[in-house]
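**Q** With the sequence up front, the predicted model follows.
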Amino acid sequence: EPLFQQAGILVEMIETTHNGHAAEIVHTAVLSQLDGIIAMGGDGILSEVMQGLLSRTDADASLVPSFPVGVIPSGTGNGFAASNLFAAGEKC
């Protein structure tokens, strides 16, 4: 959070409390009031965020295809991050 503040980026940090919580949060978020979502965690949290976005059928659903999603990998395996680094020819 301090790095975002130094960059002048307003952050609302929400800690998940149960399985599926990230999907619930993203599914009900007012996307038109957000510049993007950054998920910090492992592959599971990223999967939940994407499930929440892709399950939308409301007015904000039209924003989903171009809505910015970032990830700060901090899980135990980080398979998503490792796969992307491998695909880009980078070392893990």
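**A** Yes, it's here.

**Q** Only C-alpha atoms from now on, for both contacts and neighbour counts.
**A** OK.

**Q** quick one: the helices in this structure?
**A** All helices of the chain, identified by DSSP state H, fall at 2-6, 21-28, 43-54, 79-87.

**Q** Which positions within the third one qualify as buried?
**A** When burial is assessed from 16 or more other CA atoms under 10 Å, helix 43-54 yields the following buried residues: 43, 45, 46, 47, 48, 49, 50, 51, 52, 53.

**Q** Low-confidence bits of this structure, can you list those?
**A** 1, 92 (pLDDT under 70).

**Q** go with 80
**A** Where the chain drops to pLDDT under 80, the residues are 1, 75-82, 84-85, 91-92.

**Q** on that earlier part again, distance to residue 72 added to the helices of the chain, as TSV?
**A** Below are the helices of the chain laid out as TSV (distance: least, CA to CA, whole Å):
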stretch	distance to residue 72
helix 2-6	13
helix 21-28	15
helix 43-54	9
helix 79-87	9
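
**Q** how about these, which one is nearest residue 70?
**A** helix 43-54 (8.9 Å; CA to CA).

**Q** which residue packs closest to residue 75, ignoring adjacent ones?
**A** Distance criterion CA to CA, 6 or more residues apart in numbering; nearest residue to residue 75, sequence neighbours excluded, is residue 42 at 3.6 Å.

**Q** Tell me if I'm right that that neighbour and residue 76 touch.
**A** Yes. The criterion here is CA atoms under 8 Å, and residue 42 meets it with residue 76 at 6.7 Å.

**Q** Tell me which of these two has more neighbours.
**A** Comparing residue 42 with residue 76 by neighbour count (other CA atoms under 10 Å), the higher total belongs to residue 42, at 19 against 9.

**Q** Quick check, central residue of this structure?
**A** When CA atoms, centre = their mean is applied to the chain, the residue found nearest the centroid is residue 39 (3.4 Å).

**Q** Now for it: which residues touch it?
**A** 45, 46, 49, 69, 70, 71, 72 (CA atoms under 8 Å, 6 or more residues apart in numbering).

**Q** Which two of the residues you listed have the greatest separation?
**A** Maximum pairwise distance in the contacts of residue 39, criterion CA to CA, is 12.8 Å, between 49 and 72.

**Q** any idea how far residue 57 lies from residue 41?
**A** From residue 57 over to residue 41 the distance is 26 Å, taken as CA to CA, to the nearest Å.
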